[in-house]
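Peer 1: What would the 3D arrangement of this be:
(6 chains, ligands or ions: 6)
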Amino acid sequence: MEINPILQNVLAPPVLFFLIGAISVLFKSDLEIPAPLPKLFSLYLLLAIGFKGGIEIQKSGFTDQVLPTLSAAILMSLVIPLIGFLILRYKFDVFNSAAIAAAYGSISAVTFISAESFLESQKIAFDGFMVGALALMESPAIIVGLLLVKFAAPKNRPKSRKMHLSAILHESLLNGSVYLLLSSLIVGFLTASSNPSGIAKMEPFTGQLFYGAECFFLLDMGIVAAQRLPRLKNAGSFLIGFAIFMPLFNAFIGVFVARILSLGPGNALLFVVLCASASYLAVPAAMRMTVPEAKSSYYISTTLGLTFPFNIVLGIPIYMSLVNTIIPLSPL
Amino acid sequence: MEINPILQNVLAPPVLFFLIGAISVLFKSDLEIPAPLPKLFSLYLLLAIGFKGGIEIQKSGFTDQVLPTLSAAILMSLVIPLIGFLILRYKFDVFNSAAIAAAYGSISAVTFISAESFLESQKIAFDGFMVGALALMESPAIIVGLLLVKFAAPKNRPKSRKMHLSAILHESLLNGSVYLLLSSLIVGFLTASSNPSGIAKMEPFTGQLFYGAECFFLLDMGIVAAQRLPRLKNAGSFLIGFAIFMPLFNAFIGVFVARILSLGPGNALLFVVLCASASYLAVPAAMRMTVPEAKSSYYISTTLGLTFPFNIVLGIPIYMSLVNTIIPLSPL
Amino acid sequence: MEINPILQNVLAPPVLFFLIGAISVLFKSDLEIPAPLPKLFSLYLLLAIGFKGGIEIQKSGFTDQVLPTLSAAILMSLVIPLIGFLILRYKFDVFNSAAIAAAYGSISAVTFISAESFLESQKIAFDGFMVGALALMESPAIIVGLLLVKFAAPKNRPKSRKMHLSAILHESLLNGSVYLLLSSLIVGFLTASSNPSGIAKMEPFTGQLFYGAECFFLLDMGIVAAQRLPRLKNAGSFLIGFAIFMPLFNAFIGVFVARILSLGPGNALLFVVLCASASYLAVPAAMRMTVPEAKSSYYISTTLGLTFPFNIVLGIPIYMSLVNTIIPLSPL
Amino acid sequence: MKRLDLIFSERELDAIIKTLEKANVPGYTVMKHATGRGPERVVTEDMEFTGLGANAHVIVFCEQELIDKMRDNIRDDLSYYGGVAYISEATPL
Amino acid sequence: MKRLDLIFSERELDAIIKTLEKANVPGYTVMKHATGRGPERVVTEDMEFTGLGANAHVIVFCEQELIDKMRDNIRDDLSYYGGVAYISEATPL
Amino acid sequence: MKRLDLIFSERELDAIIKTLEKANVPGYTVMKHATGRGPERVVTEDMEFTGLGANAHVIVFCEQELIDKMRDNIRDDLSYYGGVAYISEATPL
Ligand SMILES: Nc1ncnc2c1ncn2[C@@H]1O[C@H](COP(=O)(O)O)[C@@H](O)[C@H]1O
Ligand SMILES: Nc1ncnc2c1ncn2[C@@H]1O[C@H](COP(=O)(O)O)[C@@H](O)[C@H]1O
Ligand SMILES: Nc1ncnc2c1ncn2[C@@H]1O[C@H](COP(=O)(O)O)[C@@H](O)[C@H]1O
Ligand code: NA
Ligand code: NA
Ligand code: NA
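Peer 2: Numbers count the residues shown, from 1 in each chain, chains lettered A, B, ... in the order given. Ligands and ions are numbered 1, 2, ... in the order given. Reported below is the predicted structural model:
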């Protein structure tokens, strides 16, 4: 693995702003992005990712690669939480294990767009339909997490708190960020099909502004991540190890699946990043409501305090060299 | 009336995002745009509408059509509250009747820009000076509403609460949203006259960003409208009927006035939309202060929960076909 | 001094929006830009100023003029607080004198960008490295202010409140707005050196949007300034005089230093504006923490309520004619 | 010492503060963006963008006699515009 | 009259309000965006963008009997999801 | 049980929380963005963009003895930076 892509990744504005945010916490600067401003950027990014993804999917149509890739993505978001759960059960109870595992099965949209920015700066092509994979991987992981709680821990819960399938589906599909991403994707698709002039009129908002808004949001993410990091100390070294090891492990599975799918290097990286990233939006919000027995500081601090920064700064270039090493190997 | 324009209207991004917001409430998603973010977009839209309107008015100058159209607009915003008041008095007291009537005499800027977007997508021309009509129709309706309270209900009010003309003018002209719209219009006009390079520098903010910001705001409006809708049940069927019938009735008057003014189809639609739309910004804020006897849930829920969605989704294409039918008829 | 440049300055959108904000307070309109929306624009402006400044510095490189100009800028931000302190001590105690003096030694970024807009509209060239001077003048003034408190008033403070040098450096360098400006400057510099494609991707956000965002922020500044102005009455006429006289005095020193540095008229104006402007972001925040003995209404109301509006509306064109008069004089 | 809690529409804030200032209260604290529901079952939401605003929650720590002085004015405002006012005991730290 | 102070995660707000409405309280006030720390030393921050939200502070002025009516339901919710509830005396102005 | 209400500038929040934590309070709640006026007639506005911030309102439910433990430290902070602190009675639900 060359040092160059890591440095190149770190020297891109989004990553630099992320680091600036993190360093401000380290040095106890009083830089603050007060609520609800970060929410504005998070809503904007979900809307823009979905809208542009919907346009791309409509444009590219359902080619040969689309269906297998999307199916594989869903499969990964079902399998990863199960693996994670088994690992976490060594140390944690059912509730905490299920909640953390669900977060790692799901995805981080900002990690995904950071990978897209990385690919663009490296001039490596990728397909718009990968946003479909992003959108489809959020809900299954939540469902698996809640089913694990339902079946692995039925006795520990008070009767009145029994989870019904309808509640599980509601949490996984109608969670604010899942809903906004999916429905913006549909809006993008419909606009591209029936109202192409609408695309051009949206472009300055969803397109041109995107990179800057990403930087601004990452500035805040840097602050939040650095505030979260020290909390991991209480969580113990097992969880700290998990937060680094699990994305690498998932990336490794992901790259082999990408190879089976014959994805090009760009799509392969995005697929790997989806596997390796962990959710800090949809899943924590769903778990807070449905599995209050789990400590939110566990699933928030690992995903936001360690896995997210790791992926943004080091993970993406590492995964790229993994892709470049594994994919071109002679057929399995 | 063809079904096509309605579908085309519904498939435009702003309307789609409005529907997404409304559906999120229906399905009890926890999607939320926390305060004060909607205020940001509402301030932005008023500023941008005013600024661009001021530029257009300066560019087009005061042509033959401008003065008659603006006078007719003011006249409509004086007459409509009186008609509304007479209808509402069948069921409501003076306070509620006056407050609701004032809202329907005034206008909704977002309905207006939705109509502009509709015209653009249909490639129908319209004139920039219509924004002047928009700006001029807000205050008279408030004044009429407060005068109705002053003269129709003097005995019911405690002495200390007597309304003075100066207070009425203050509420109608210095209300935050009226003030911002009017003064941005003046800034636009002055900039276009004396500092044309300033227009180009503002264009990315007030122009290019506009459509996307409109979509984002309509997403929130969809949420708010759908939250308001169930409250209408308590208001009774009379008010529900009023919230649909009144815009249609006002549109009908409006289209004949537009015909007398010999407006082209684009300007005619905008004129009709101004008549048919009801205020949920300036008027409610003014009424809340000056007519606390009126139930705010009445004037807010009708305008925001029913009239606004109706106009955005169905009204605009209906009014368009009304315009296309009535305007070309042989002279009166 | 001709009347023309003042009128031209006043008729630019940013100044017009500032006046609109101020007039809204005068007329008791309820126009409001609720917190934390102004913070969004203030963070955005600092980030964008820094980022663009960093790019410019990287592009222009360290020419002959850069080092002397930056050194002179730092010198001015050390000397001005000392002069201010001596003047203010006639009327105020050490704490208030030091805090107010520090504010006038430091700079106002929005005044600076208003001067840039003025130069652009007058088609007068200036150099990007002047942003470096802006960034470097914030901290020294804070340090001088705190040192003045430390050495001029050691007996008056409780022991536990003694100020340590490390605390002084922390307040002056890690203050949120200083930190964001400086670090965005570094990001801009690094991006320009190693990732030029990142500049183009940031341009719509940091470049195109800038003028509009400046207008929006100035609308709020107009409101805030006009709310602050009446508080000055309590402060007494000495402070009111100081708030007008001090910027003019500093401008006068500044223009002679600019002449010694042989700056062109554009750079000279920016240099003068840096000297003449007073801080209402970094310095008040630092003083509130470290010199609570000083009345915040003094240093906030003078800088925000009087000096800032004066500079924005009248000061900049006055300084321009000062520059045009003094700089071309035969050598000293 | 007493603690006075006032909750009412943000739009009446200026009027209430004027009443407080007239009575020369030693200080007060205002928290905006409060939502709620009153006896008429009308829910106040934070619809700031409409200009309707939400509720303000005002806390005043002061002597009983000051409260007696303000009582009529505050009651007058609250009865016309809506809102609640409650007093409880408070001891300075 | 009593004053009931409830502090808990914003995400449980709907459930708590349902309990209040079922008991027919005369009104209530909600303040969102409260942060804090509970007995488990977990700090609640205002991470609204994550969807986790912060705490809500709910104030109810009502009669003691209403509080008795709601006690079990509220305790049930708070013990499962976390949060605190305290009662104090309050006199209408 | 007691209820302690602290109101002071947001910028002193870290110092006050440190004092609370040192006394081992069972929990606390923080509400930011409070504005107000103190005895010096200086109005604190929510000028967040200036970095001056507004006031924070901190509520602590705890035993009297904890309050006695913190009294001196809190008084010290508040007397230097400004702000108020009041105690009232509170009963757990
Ligand atoms: N019993 C109560 N307890 C707490 N807050 C109340 C109560 N009654 C009314 N309020 C608050 O006062 C506001 C105005 O009430 P009203 O105008 O009387 O409907 C409501 O929106 C609530 O925030
Ligand atoms: N003793 C206390 N005093 C004030 N607020 C408290 C106290 N204990 C808990 N809280 C609040 O209740 C929230 C939820 O507490 P918990 O879920 O029990 O950790 C905390 O975040 C605090 O805002
Ligand atoms: N008597 C009071 N009642 C309620 N709040 C107060 C009172 N006095 C001061 N405050 C609050 O404490 C803050 C700081 O006060 P001070 O620094 O003493 O001027 C003020 O801005 C108010 O929010
Ligand atoms: Na994953
Ligand atoms: Na109308
Ligand atoms: Na200066």
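Peer 1: sec struct for A:Pro292, please.
Peer 2: Using DSSP: H, G, I helix; E, B strand; the rest coil, the structure places A:Pro292 in coil.
Peer 1: Please name the residues that touch it.
Peer 2: Taking CB atoms under 8 Å, 6 or more residues apart in numbering or on different chains, we find A:Pro292 in contact with E:Tyr80, E:Tyr81, E:Gly82. For every residue, glycine as well, the C-beta is placed using N, CA and C.
Peer 1: residue ranges of the helices in the stretch 51-200 of chain A, please?
Peer 2: Taking DSSP state H, counting those that start in this stretch, the helices of the stretch 51-200 of chain A run over residues A:66-88, A:94-105, A:109-121, A:130-136, A:138-152, A:165-174, A:176-194, A:196-202.
Peer 1: ok, and what's touching stretch A:33-44?
Peer 2: Contacts to stretch A:33-44, defined as CB under 8 Å, 6+ apart, come from residues A:177, A:180, A:213, A:216-217, A:219-220, A:223-224, A:281, B:33-37, B:40, B:216, C:35-36, C:39-40, C:43, E:33, E:46-50, E:54, F:48.
Peer 1: among the residues you listed, which are in strands?
Peer 2: Those of the contacts of stretch A:33-44 mapping onto strands are E:His33, per DSSP state E.
Peer 1: where are the low-confidence patches of chain A?
Peer 2: For chain A, the stretches with pLDDT under 70 are A:1-3, A:154-161, A:330-332.
Peer 1: what residue lies at the spatial centre of it?
Peer 2: A:Ser108 (1.6 Å; CA atoms, centre = their mean).
Peer 1: Only the buried residues of stretch A:233-252, if you could.
Peer 2: A:Ala235, A:Leu239, A:Ile240, A:Phe242, A:Ala243, A:Met246, A:Pro247, A:Phe249, A:Asn250, A:Ala251, A:Phe252 (16 or more other CB atoms under 10 Å in any protein chain shown).
Peer 1: just checking: which of those residues also lie near ligand 1?
Peer 2: By CB under 6 Å from any ligand atom, no member of those lies near ligand 1.
Peer 1: As JSON lines, those residues with secondary structure and distance to B:Gln65 would be great.
Peer 2: Below are the buried residues of stretch A:233-252 laid out as JSON lines (DSSP: H, G, I helix; E, B strand; the rest coil; distance: CB to CB, whole Å):
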{"residue": "A:Ala235", "secondary structure": "helix", "distance to B:Gln65": "71"}
{"residue": "A:Leu239", "secondary structure": "helix", "distance to B:Gln65": "71"}
{"residue": "A:Ile240", "secondary structure": "helix", "distance to B:Gln65": "72"}
{"residue": "A:Phe242", "secondary structure": "helix", "distance to B:Gln65": "71"}
{"residue": "A:Ala243", "secondary structure": "helix", "distance to B:Gln65": "67"}
{"residue": "A:Met246", "secondary structure": "helix", "distance to B:Gln65": "68"}
{"residue": "A:Pro247", "secondary structure": "helix", "distance to B:Gln65": "65"}
{"residue": "A:Phe249", "secondary structure": "helix", "distance to B:Gln65": "71"}
{"residue": "A:Asn250", "secondary structure": "helix", "distance to B:Gln65": "66"}
{"residue": "A:Ala251", "secondary structure": "helix", "distance to B:Gln65": "66"}
{"residue": "A:Phe252", "secondary structure": "helix", "distance to B:Gln65": "70"}
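Peer 1: so can I have a markdown table of those residues showing distance to C:Ser321?
Peer 2: Shown next, in a markdown table, are the buried residues of stretch A:233-252 (distance: CB to CB, whole Å):
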| residue | distance to C:Ser321 |
| --- | --- |
| A:Ala235 | 64 |
| A:Leu239 | 66 |
| A:Ile240 | 64 |
| A:Phe242 | 67 |
| A:Ala243 | 62 |
| A:Met246 | 66 |
| A:Pro247 | 62 |
| A:Phe249 | 69 |
| A:Asn250 | 66 |
| A:Ala251 | 64 |
| A:Phe252 | 69 |
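Peer 1: what two of the residues you listed are the furthest from one another?
Peer 2: Between any two of those, the greatest separation by CB to CB is 23.9 Å, found for A:Ala235 and A:Phe252.
Peer 1: okay, now the closest residue to A:Phe85 other than its chain neighbours: neighbour count?
Peer 2: In this structure, A:Phe85 finds its nearest non-sequential neighbour in A:Ala101, 4.1 Å apart by CB to CB, 6 or more residues apart in numbering or on different chains. For A:Ala101, the number of neighbouring residues by other CB atoms under 10 Å in any protein chain shown comes to 30.
Peer 1: which ones are touching A:Ala101?
Peer 2: A:Ile80, A:Pro81, A:Leu82, A:Ile83, A:Gly84, A:Phe85, A:Leu88, A:Val144, A:Gly145, A:Leu148.
Peer 1: give the contact list for the nearest residue to the last one once chain neighbours are set aside.
Peer 2: Taking CB to CB, 6+ apart, and ignoring the residues beside it in sequence, A:Leu148 has A:Ala98 as its nearest neighbour in space, at 4.0 Å. If you count contacts by CB under 8 Å, 6+ apart, A:Ala98 has them with A:Pro81, A:Phe85, A:Gly145, A:Leu146, A:Leu148, A:Val149, A:Ala152, A:Ala153, A:Val291, A:Ala294.
Peer 1: hmm, the host helix or strand of D:Arg3 in reach of chain C?
Peer 2: Here D:Arg3 is covered by strand D:2-9, with elements defined by DSSP states H and E. No - using CB under 8 Å from any CB of the partner chain, strand D:2-9 never reaches chain C; the gap is at least 12.7 Å.
Peer 1: Please see if that strand touches ligand 3.
Peer 2: No - under the criterion of CB under 6 Å from any ligand atom, ligand 3 is not reached by strand D:2-9; the shortest gap measures 8.0 Å.
Peer 1: picking that back up, could you give me the PyMOL selection string for whichever of the contacts of stretch A:33-44 are buried?
Peer 2: In PyMOL, a selection of the buried entries from the contacts of stretch A:33-44 looks like this (16+ other CB under 10 Å):
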select buried, (chain A and resi 177+180+213+216+217+219+220+223+224+281) or (chain B and resi 33+34+35+36+37+40+216) or (chain C and resi 35+36+39+40+43) or (chain E and resi 33+46+47+48+49+50+54) or (chain F and resi 48)
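Peer 1: Filter the contacts of stretch A:33-44 down to the ones in helices?
Peer 2: Using DSSP state H, A:177, A:180, A:213, A:216-217, A:219-220, A:223-224, B:37, B:40, B:216, C:39-40, C:43 are the members of these that sit in helices.
Peer 1: Could you point out the bridge partners of the nearest residue to D:Thr91 once chain neighbours are set aside in the sheet?
Peer 2: Nearest residue to D:Thr91, sequence neighbours excluded (CB to CB, 6+ apart): F:Ile87, at 4.7 Å. Counting by DSSP bridges, F:Ile87 is bridged to D:Thr91, F:Leu4.
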